[in-house]
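>>> return a 3D structure for these sequence lines:
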Amino acid sequence: MRSLTFRRPDDWHVHFRDGVMMKTVVPYTARAFGRAIIMPNLTPPVTTAAMAEAYRQRIMECVPAGTDFTPLMTCYLTDHTDAADLVAGHKAGIFTAAKLYPAHATTNSAHGVTSIDHIMNVLEAMAENGIPLLTHGEVTRADVDIFDREARFAEEILAPLLQRLPGLRVVMEHITTEQGAALVLAHKDRMGATITPQHLLYNRNALFQGGLRPHMYCLPVLKREKHRQALRKAATGGETCFFLGTDTAPHLRHLKESDCGCAGVFSAPVAVAAYLQVFAEENALDRFEAFASLNGPAFYRMAPNEERVTYVERPARIAEEIEVDGAGKLVSLFSGEAAPWSLAA
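Numbers count the residues shown, from 1 in each chain. You can find the predicted model right below:
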């Protein structure tokens with residue numbers, strides 16, 4: 001039985017939602033990770049420092065007693081974002097970063113940015129004040145194939161923006177393509193990228209394995225095998241610009257399985273085990289700590305966690321469903337299966 005000891009990891013892309021859903025999912029992330037970047041796409045979205053501080057307090061009320069966990073808050077950018085409030089919130093330690101959702105790109109993104117030109121004053125202020133920009137990297141025009149949206153975003157939006165604002169630091173979140181990985185690598189002095197467990201484990205065939213698989217539907221969608229292989233090379237190759245970000249995204253089972261199902265994979269209960277499976281398959285367990293525990297803090301200019309954790313290659317059965325306090329049920333990644341690694345007792 002193999003084991004691996006490493007610094008407690010961080011998750012640089014998390015959806016907690018709010019209310020009873022948040023109470024259910026926060027403990028899974030808080031027990032596994034020291035810190036997490038919290039996405040702001042609530043209803044209404046978290047667009048001001050005051051809203052972010054209130055949300056952080058609600059999150060902390062859901063953290064299990066005795067658990068050391070720090071939520072890192074983000075500002076939801078809109079066409080009307082107040083640059084002064086964002087900068088003040090960052091200086092006050094409320095905002096860690098700001099999130100760019102192209103309008104209608106994903107869950108609760110209707111208030112997102114309709115054109116990058118509408119927020120240039122905000123982006124300039126972010127560059128001047130060292131505030132990272134986190135991107136959902138997809139264009140949303142109807143003429144662009146859904147499987148090409150990330151590559152087009154990299155080419156049409158992000159590459160010109162990097163040239164226009166050389167001082168802006170950017171995370172391309174949940175990259176899914178070889179083009180996304182290549183752009184980040186070409187600008188690794190000021191760019192980072194998170195990679196999800198599902199995009200490392202599966203290609204788009206998983207969406208249609210024996211029928212439509214709604215719990216494997218996420219945005220950006222799973223891509224061709226060549227892209228999965230490019231992501232595995234990026235994650236396990238030792239480059240410091242790539243780091244762990246699950247994009248864990250809980251939706252109630254009946255909403256995932258409806259005639260217009262929600263996008264998102266809920267991976268928090270098994271995230272570390274899923275990543276470890278990938279690194280074990282790639283014979284790269286010696287590089288896991290960097291990806292999970294060191295590269296993210298380095299990009300965000302934070303110290304890594306001091307605590308060490310040990311995982312063992314011991315299968316652990318995952319529940320079929322998770323109850324959400326009378327609202328419905330959640331289905332996790334690896335639901336009803338065995339996760340190949342588990343936290344040592």
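>>> how many other residues sit next to residue 176?
For residue 176, the neighbour count with other C-beta atoms under 10 Å is 29. All C-beta atoms are positioned from the backbone trio N, CA, C, and that covers glycine.
>>> for the stretch 51-200 of the chain, just list every one of the helices.
Taking DSSP state H, counting those that start in this stretch as the test, the helices found in the stretch 51-200 of the chain are 83-91, 120-129, 149-153, 159-164, 178-186, 197-201.
>>> now mean neighbour count too, for the ones you listed, in a markdown table please.
Formatted as a markdown table, the entries for the helices of the stretch 51-200 of the chain read as follows, by neighbours: other C-beta atoms under 10 Å:
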| stretch | mean neighbour count |
| --- | --- |
| helix 83-91 | 18 |
| helix 120-129 | 18 |
| helix 149-153 | 23 |
| helix 159-164 | 14 |
| helix 178-186 | 20 |
| helix 197-201 | 23 |
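>>> out of those helices, which comes closest to residue 234?
Distance to residue 234, taken as C-beta to C-beta, is lowest for helix 178-186 among those, at 4.5 Å.
>>> list the helices and strands the closest one packs on?
Using 3 or more C-beta pairs under 8 Å, 6 or more residues apart in numbering; DSSP states H and E as the contact criterion, the neighbours of helix 178-186 among helices and strands are helix 149-153, strand 170-172, strand 191-195, helix 225-236.
>>> circling back: and the helices of the stretch 51-200 of the chain as CSV, adding distance to residue 262 and mean pLDDT?
Below are the helices of the stretch 51-200 of the chain laid out as CSV (distance: least, C-beta to C-beta, whole Å; pLDDT from 0 to 100):
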stretch, distance to residue 262, mean pLDDT
helix 83-91, 28, 98
helix 120-129, 29, 98
helix 149-153, 18, 96
helix 159-164, 29, 97
helix 178-186, 23, 98
helix 197-201, 15, 98
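>>> turn the ones you listed into JSON lines, columns for distance to residue 345.
Putting the helices of the stretch 51-200 of the chain into JSON lines (distance: least, C-beta to C-beta, whole Å) gives the following:
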{"stretch": "helix 83-91", "distance to residue 345": "40"}
{"stretch": "helix 120-129", "distance to residue 345": "44"}
{"stretch": "helix 149-153", "distance to residue 345": "40"}
{"stretch": "helix 159-164", "distance to residue 345": "46"}
{"stretch": "helix 178-186", "distance to residue 345": "37"}
{"stretch": "helix 197-201", "distance to residue 345": "23"}
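>>> who wins for proximity to residue 320 among these?
Among the helices of the stretch 51-200 of the chain, helix 197-201 sits nearest to residue 320 (C-beta to C-beta), with 18.4 Å.
>>> can you list contacts of the closest one?
Judged by C-beta atoms under 8 Å, 6 or more residues apart in numbering, the contacts made with helix 197-201 from elsewhere in the structure are 174-176, 216, 218, 222-223, 227-228, 231-232, 235, 246, 265, 267, 270-271, 274-275, 277-278, 333.
>>> and it, how far from the chain's centre?
Averaged C-alpha coordinates place helix 197-201 at 12 Å from its chain's average position (C-alpha atoms, centre = their mean, to the nearest Å).
>>> who's in contact with the nearest residue to residue 146 once chain neighbours are set aside?
For residue 146, ignoring the flanking residues on the chain, the nearest one in space by C-beta to C-beta, 6 or more residues apart in numbering is residue 221 at 6.1 Å. Contacts of residue 221 were listed using C-beta under 8 Å, 6+ apart, and they are 146, 147, 176, 204, 207.
>>> wait, what's in contact with the last one?
Residue 207 is in contact with 213, 216, 217, 221, 222, counting by C-beta under 8 Å, 6+ apart.
>>> of the residues you listed, keep whichever come out buried.
Those of the contacts of residue 207 that meet the buried threshold are 216, 217, 221, 222, by 16 or more other C-beta atoms under 10 Å.
>>> how about the helices of the stretch 51-200 of the chain, which one is nearest residue 142?
Distances from residue 142 to each of the helices of the stretch 51-200 of the chain were compared by C-beta to C-beta, and the smallest falls on helix 149-153, at 10.9 Å.
>>> what packs against that closest one?
Here helix 149-153 is seen to pack against helix 178-186 when contacts are counted using 3+ C-beta pairs under 8 Å, 6+ apart.
>>> and the helix it packs on with helix 225-236, angle?
Orientation check (axes from the mean of the first three to the mean of the last three C-alpha atoms, to 10 degrees): helix 178-186 against helix 225-236 gives 30 degrees.
>>> so how far is helix 178-186 off the chain centroid?
Here the centre of mass of C-alpha atoms in helix 178-186, compared against the chain's by C-alpha atoms, centre = their mean, lies 17 Å away.
>>> equivalent analysis for stretch 161-177, please.
Distance of stretch 161-177 from the chain centroid (C-alpha atoms, centre = their mean) equals 15 Å.
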